[in-house]
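S.K.: what shape does this take:
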Amino acid sequence: MGGRFLAKVLDPAVAVAGTTVLSRGFALDVVKGCTSLGPFAIFVAAVLAVPTSLSRKLLGIVGGFVALATVNLVRITSLLYLGSAF
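M.R.: Next up, the predicted model:
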């Protein structure tokens, strides 16, 4: 899990147990609905609907996956740190 590495780098006090991330008295349970797979499926359908070459579609799908995964990782990490700060 990339989030585990990022959280440990930003704050060594973070502990991960299964799907639960603990930080300074705040617990965040990351369930399947927290992944970016749903939005990614919609994104793939939209990219496939665009009339362009297959190579450009594949490039768009890979780029979109990286972008959505990054935004989701930042979202979950910021939720953890906002929750533990307030």
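S.K.: the residue nearest the centre of the chain and R24, how far apart?
M.R.: Among the residues of the chain, the one closest to the centroid is N72, at 2.8 Å (Cα atoms, centre = their mean). Distance, N72 to R24, by Cβ to Cβ, to the nearest Å: 22 Å. For the C-beta atoms, the positions are set from N, CA and C on the backbone; glycine is no exception.
S.K.: nearest spatial neighbour of the residue nearest to the centre of the chain, skipping sequence neighbours?
M.R.: S36 (4.0 Å; Cβ to Cβ, 6 or more residues apart in numbering).
S.K.: please report phi then psi for the one you found.
M.R.: Main-chain dihedrals, S36, degrees, to the nearest 10: phi -100, psi 20.
S.K.: hmm, it is touching V71, no?
M.R.: Yes - with contact defined as Cβ atoms under 8 Å, S36 reaches V71; the gap is 7.3 Å.
S.K.: quick one: the lengthiest helix in the chain to chain centroid distance?
M.R.: Identified as the longest helix of the chain according to DSSP state H is helix 54-85. Distance of helix 54-85 from the chain centroid (Cα atoms, centre = their mean, to the nearest Å) equals 5 Å.
S.K.: and it, what's buried?
M.R.: Buried residues in helix 54-85, defined by neighbour count with 16 or more other Cβ atoms under 10 Å: 57, 60, 64, 68, 72-73, 76-77, 80-81, 84.
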